[in-house]
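Student: This is the structure alone, sequence omitted:
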């Protein structure tokens, strides 16, 4: 029984080997050439010509230049972004011109501050243009009229909601003008 069992087992193993390996029946299994694969044969094939070597160097140089261009583009973008952020911070801190708008004193006298250092005093029959500068630390505004008939002066100012108070003193006398904002333009 063991002899017939061994033969059947050999036949089954033979069939399995024949189906899975697809070897020609003329070459016995023991004679099948075995190829040994070395670690270097699996990597790139050896370059034998100078043309291949110069091509490899050209590609390496091109890749290096592309990486360098990418780095400069990223650095340039980062610098531009930082400058934009700094500019926006300074602009938001500046807060704009606190006096910008049209201010009415008594129904006949108005001061219009354009927001760019230019303005005008508007009276019923005449308008006087002026340049002004604001010192926010000292809370002063200096007004320099274009017409010599009007008096140039540096006022202290206070702003409370829609009220502008210009005040100062000449000699022993002090004065105060109260304006109401009627427009932001």
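Tutor: Now that the structure is in, tell me what you want to look at. All values reported here derive from a predicted model rather than from experimental measurement. Residues are numbered from 1 along each chain as shown.
Student: got a list of what the spatially most central residue of the chain touches?
Tutor: Among the residues of the chain, the one closest to the centroid is residue 81, at 3.2 Å (CA atoms, centre = their mean). Listed by CB atoms under 8 Å, 6 or more residues apart in numbering, residue 81 has no contact partners. Using the backbone N, CA and C atoms, a C-beta is placed for each residue, glycine as well.
Student: Where does it sit: helix, strand or coil?
Tutor: helix (DSSP: H, G, I helix; E, B strand; the rest coil).
Student: Now do the domain split for the protein, please.
Tutor: 51-94, 101-183 (automatic domain parsing).
Student: Could I get the full set of helices for the chain?
Tutor: With DSSP state H, the ranges of helices along the chain come out as 2-21, 39-42, 50-94.
Student: helices and strands of the protein: which one has the lowest mean pLDDT?
Tutor: Every helix and strand in the chain was compared by mean pLDDT, DSSP states H and E; the lowest is helix 39-42, with a mean of 53.
Student: Show me the shaky parts of the chain.
Tutor: Of all residues in the chain, those with pLDDT under 70 make up the ranges 1-2, 17-49, 91-96.
Student: Look up how far residue 55 lies from the residue lying closest to residue 103 once chain neighbours are set aside.
Tutor: Distances taken as CB to CB, 6 or more residues apart in numbering place residue 179 nearest to residue 103, at 3.6 Å, with adjacent residues excluded. Going from residue 179 to residue 55 by CB to CB, to the nearest Å gives 80 Å.
Student: Same check on residue 147?
Tutor: 81 Å.
Student: Same question for residue 143.
Tutor: To residue 55, residue 143 is 76 Å away according to CB to CB.
Student: what about the two, which has more around it?
Tutor: residue 143 (20 against 12; other CB atoms under 10 Å).
Student: give me the beta-bridge partners of that one?
Tutor: Taking DSSP bridges, one finds residue 132, residue 153 as the beta-bridge partners of residue 143.
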